[in-house]
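Asker: Structure for the following, please:
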Amino acid sequence: MKLTRTERWILANQYRILAKLEPENAATYRSYVEALERGYANVIDRLSEHVLRDDTTHRESDEVDEILAMYDALQRSFRTLEDAFGIEEWRVRFPGFNQQEEADYLGYAHFALSREGRYPNLATESNLSTPSPMLKQYRRMMDEWKKRGRSDQLDQDDIVAILSAAKR
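Answerer: Below you'll find the predicted structure:
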């Protein structure tokens, strides 16, 4: 990780504050201040190990938001159907993303649902990590949802068509 002088200065000041707030860890924080001020790259890299990666892109975040909105529409519409014949309720539950290949998507979805509390009525699987990648299926489903005007009020035929698109 490469930090500018300004970023190193700001971070060093934050560690100075932490040293005052947590006297039991002051020696460690003072060593971080020194490493930051002197620009010791290896120490800076170790300090940032808990930061998993660079930013999730707007495209990735927008896509997750759209997938969650689609599942929210599917579920709300399913709940209002008078006759849900041919649609199993588990199929409208949001399954999540694959941890190995879609970790950024999984992390953002978990954050949006759990930390931000968005879509509080969205039924999801208990563990949002799926055994296989899901993006291709979701994209086919979203294409079908878009054809239907991204409606929040879907009828039985709409729901069946969107769910069926996942299998194509």
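
Asker: Closest to the centroid, which residue in the chain?
Answerer: Geometric centre of the chain, nearest residue: residue 108, 0.9 Å, by C-alpha atoms, centre = their mean.

Asker: Contacts only, for the nearest residue to that one once chain neighbours are set aside.
Answerer: Nearest in space to residue 108, with sequence neighbours left out and distances taken as C-beta to C-beta, 6 or more residues apart in numbering, is residue 64 at 4.9 Å. Every residue, glycine included, has its C-beta placed from N, CA and C. By C-beta atoms under 8 Å, 6 or more residues apart in numbering, residue 64 lies in contact with 105, 108-109, 112.

Asker: Tell me which helix or strand residue 64 sits in.
Answerer: helix 58-80 (DSSP states H and E).

Asker: Residue 75 and residue 64, how far apart?
Answerer: 16 Å (C-beta to C-beta, to the nearest Å).

Asker: my bad, should have said residue 51
Answerer: Residue 51 sits at a distance of 20 Å from residue 64 (criterion: C-beta to C-beta).

Asker: go on, residue 116?
Answerer: To residue 64, residue 116 is 12 Å away according to C-beta to C-beta.

Asker: again, but for residue 111
Answerer: Taken as C-beta to C-beta, the span from residue 111 to residue 64 is 9 Å.

Asker: now swap in residue 50 and tell me
Answerer: Counting by C-beta to C-beta, the gap from residue 50 to residue 64 is 22 Å.

Asker: for residue 129, same thing?
Answerer: Look at residue 129 and residue 64: by C-beta to C-beta, they are 14 Å apart.

Asker: still on that earlier bit, I'd say the residue nearest to the centre of the chain and residue 58 touch.
Answerer: No. Between residue 108 and residue 58 there is no contact, the gap being 11.0 Å when judged by C-beta atoms under 8 Å.

Asker: Poorly predicted segments of this structure, please.
Answerer: Per-residue confidence for the chain (pLDDT under 70) gives these ranges: 52-55.

Asker: What number of residues are in the vicinity of the closest residue to residue 119 other than its chain neighbours?
Answerer: Nearest residue to residue 119 in three dimensions, chain neighbours excluded: residue 72, at 4.9 Å (C-beta to C-beta, 6+ apart). Residue 72 has 19 neighbouring residues, counting by other C-beta atoms under 10 Å.

Asker: Now do the same contact list for residue 72.
Answerer: Under the criterion of C-beta under 8 Å, 6+ apart, the contact list for residue 72 reads 119, 121-122, 152.
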